[in-house]
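Chemist: Have a look at this prediction, sequence included:
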Amino acid sequence: TTHGASKTNREWKEKRNLPGERICLHMARMQLPSTDAVPEGIDVACPMLDDMLNVLKVYAPDVLEEARPVLAQEGIIVEATQDYEMGEYKIPEELLESKSKSKREEEKDIKILAQNEVYVVASKPTAVVVHHSTWTGGKSDPSRRWKEATPMLQRVRDKTGKKVNLVHRLDRGASGCLLFSFAQDQEGEDGEHNPCAITRTLIESMQSPEATKTYIALCDGDGTWNGVDYLKKGWFNLDLPVKNERGELMQDCTTDIRFIASKTFPQTDDDESMEGRKVSIVLARPSTGKWHQVRQHLASGTIGHAIL
């Protein structure tokens with residue numbers, strides 16, 4: 001599959017005590033051009049999270065070391081070198097009863113990467129939705145909804161003490177830079193609330209051709225596919241249709257991709273007939289923001305490197 005947890009992927013992770021989701025996609029750096037609301041523009045880097053970094057440190061340290069110079073050149077932070085703000089918020093007691101102690105402690109942590117009077121950039125962990133939806137269940141179905149970790153929208157609102165609007169989204173399994181604007185809705189002459197002008201401006205900036213969103217991904221493969229050695233190509237552009245959530249093909253989907261380093265692991269003791277697992281570190285910069293675009297492009301028949 002192009003996303004989610006395939007049987008092979010899940011079994012490999014279970015043997016290594018890793019989450020079953022495809023967690024190895026991280027928005028490592030966000031660069032947005034100047035706007036009226038933010039004349040200085042936005043340039044924020046989010047250090048790789050522990051779950052993704054530990055996969056490399058434990059199983060492929062040499063791949064990580066090989067990739068470090070290019071990652072530094074691209075302005076990507078591998079490990080945090082400074083302390084970030086940590087926030088706490090209170091969850092209603094009736095909900096706390098349904099959450100384990102470890103989960104509650106984990107949800108108290110939220111990292112603010114950048115903030116001013118009009119926006120805030122937070123570090124999104126994996127396996128957390130950005131907001132509630134029909135997918136997480138309605139308020140009338142607490143047995144389903146409250147099994148989910150508290151969404152980022154609520155976490156950032158509670159941390160800052162202000163109402164915030166999402167400027168973009170990251171899927172549940174992805175991590176990294178997540179941009180919010182501080183809500184400044186105004187009431188029009190007809191009594192209706194007008195959308196926040198700053199939110200509109202930042203959304204336009206995020207969608208601008210001048211904006212750069214750099215993802216780092218750990219992929220299944222050794223950097224070669226169908227006779228092409230992608231490790232030697234440097235940055236290249238992939239223009240390939242992807243499917244939306246209804247299975248319909250969407251055109252004009254482009255992503256800049258760069259393979260940095262790769263490794264093939266030794267054969268496992270439990271199945272010596274199989275070739276060892278392969279892993280590659282890949283950078284991706286989507287020019288368009290279609291549904292699971294980076295995941296689908298990397299897993300496509302053209303590239304053949306599904307995200308772990």
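Modeler: Perfect, thanks for sending it.

Chemist: Give the rounded mean pLDDT of the helix or strand hosting Ala284.
Modeler: Ala284 belongs to strand 278-286 when assigned by DSSP states H and E. Average pLDDT, strand 278-286: 94.

Chemist: do the same with stretch 151-163
Modeler: Per-residue pLDDT values across stretch 151-163 average out to 90.

Chemist: show me where pLDDT drops low in the stretch 201-308 of the chain?
Modeler: Flagging of the stretch 201-308 of the chain using pLDDT under 70 yields the residue ranges 268-275.

Chemist: again, only using 80
Modeler: Along the stretch 201-308 of the chain, the model assigns pLDDT under 80 to residues 244-247, 265-277.

Chemist: What segments of it are helices?
Modeler: If DSSP state H, counting those that start in this stretch is used as the criterion, the helices of the stretch 201-308 of the chain fall at 293-299.

Chemist: Would you map the strands across it?
Modeler: 212-219, 224-225, 228-229, 236-239, 242-243, 249-250, 254-264, 278-286 (DSSP state E, counting those that start in this stretch).

Chemist: So for Gln115, which of these sits nearest?
Modeler: strand 212-219 (19.0 Å; C-beta to C-beta). Yep, even glycine has a C-beta here, placed from its N, CA and C like the rest.

Chemist: rewinding a little: what is the strand holding Ala284 packed up against?
Modeler: Contacts defined by 3 or more C-beta pairs under 8 Å, 6 or more residues apart in numbering; DSSP states H and E place strand 278-286 against helix 61-73, strand 212-219, strand 254-264, helix 293-299.

Chemist: can you list the strands of the stretch 201-308 of the chain in a markdown table and add mean neighbour count?
Modeler: Formatted as a markdown table, the entries for the strands of the stretch 201-308 of the chain read as follows, by neighbours: other C-beta atoms under 10 Å:
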| stretch | mean neighbour count |
| --- | --- |
| strand 212-219 | 24 |
| strand 224-225 | 16 |
| strand 228-229 | 12 |
| strand 236-239 | 13 |
| strand 242-243 | 18 |
| strand 249-250 | 12 |
| strand 254-264 | 20 |
| strand 278-286 | 23 |
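
Chemist: No further questions, thank you.
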